[in-house]
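K.L.:
Predicted model, plus sequence, below.
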Amino acid sequence: MKRSVFFLLILLALPLVAGAVVESKTETEYPDQVTLVVDGQDVKLDVTGVGLREKTFMKVDVYTIVSYVSSDADLGEDPGTTLRSVQAPKRIQMNLRRGFSREKLVNSFKEVIEKNYDDMDAFAADMDIFFGFFERDAEENDILIFDYVPGVGLATTLNGDVKDTIANPAFAEALWTVWFGKKPADGGLKKALLSSLEK
């Protein structure tokens with residue numbers, strides 16, 4: 001039952017017209033608020049920030065990214081840390097700007113998560129399931145969405161195709177360390193993904 005409700009939640013995730021945030025270099029625009037339907041109730045998520053992941057000294061664009069969290073979530077004085085573990089609906093969306101191998105995609109998650117944990121036993125099996133969702137090489141314009149809802153789990157959507165739900169909240173927290181961990185993939189990107197909270 002939980003799985004079917006969460007699939008409905010993903011399919012009914014609709015942007016609101018309230019406004020937009022823009023990644024300045026690529027001019028990629030995202031809504032500043034989205035709404036999810038959870039158990040028949042609308043849950044509003046507010047943007048925390050938008051950014052661009054670049055690689056190498058040539059600053060090759062890899063993906064634009066936006067982060068959302070429930071409007072009533074209490075992020076305290078250290079929102080970057082709180083976002084990783086907060087038990088509130090939240091979302092990460094990545095829009096790929098270039099193609100690369102499946103191996104590079106999987107390793108981009110795995111390497112950062114490993115840097116943030118000395119012991120991954122609490123979610124190692126879930127991480128293997130997650131990596132199994134990626135069955136091909138990444139392509140330019142692919143859209144990845146990660147939605148977490150407490151009590152339901154983490155759903156991964158690739159170009160509108162909803163994968164299985166991972167119920168373990170420890171894995172959702174581990175995935176969020178890629179962008180909000182003590183050792184994130186990119187410190188500047190972490191700051192950008194929190195920038196809307198400062199306004």
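P.N.:
Here it is on my side, so go on.
K.L.:
looking only at pLDDT, what's the mean for the longest strand along the chain?
P.N.:
Identified as the longest strand of the chain according to DSSP state E is strand 41-55. Mean per-residue pLDDT for strand 41-55: 95.
K.L.:
The closest residue to Val86 other than its chain neighbours: which element?
P.N.:
The shortest distance from Val86 to any non-neighbouring residue, by Cβ to Cβ, 6 or more residues apart in numbering, is to Ala73 (5.5 Å). Every C-beta, even on glycine, is put in place using the N, C-alpha and C of the backbone. Element membership of Ala73 [criterion: DSSP states H and E] is none; it lies in no helix or strand.
K.L.:
which residues touch Ala73?
P.N.:
By Cβ atoms under 8 Å, 6 or more residues apart in numbering, the contact set of Ala73 is Val86, Ala88, Lys90.
K.L.:
which of those has the most neighbours?
P.N.:
Counting neighbours by other Cβ atoms under 10 Å, the top entry in the contacts of Ala73 is Lys90, with 24 neighbours.
K.L.:
correct me, but that one touches Leu75?
P.N.:
No. Lys90 is beyond contact range of Leu75, at 10.4 Å (criterion: Cβ atoms under 8 Å).
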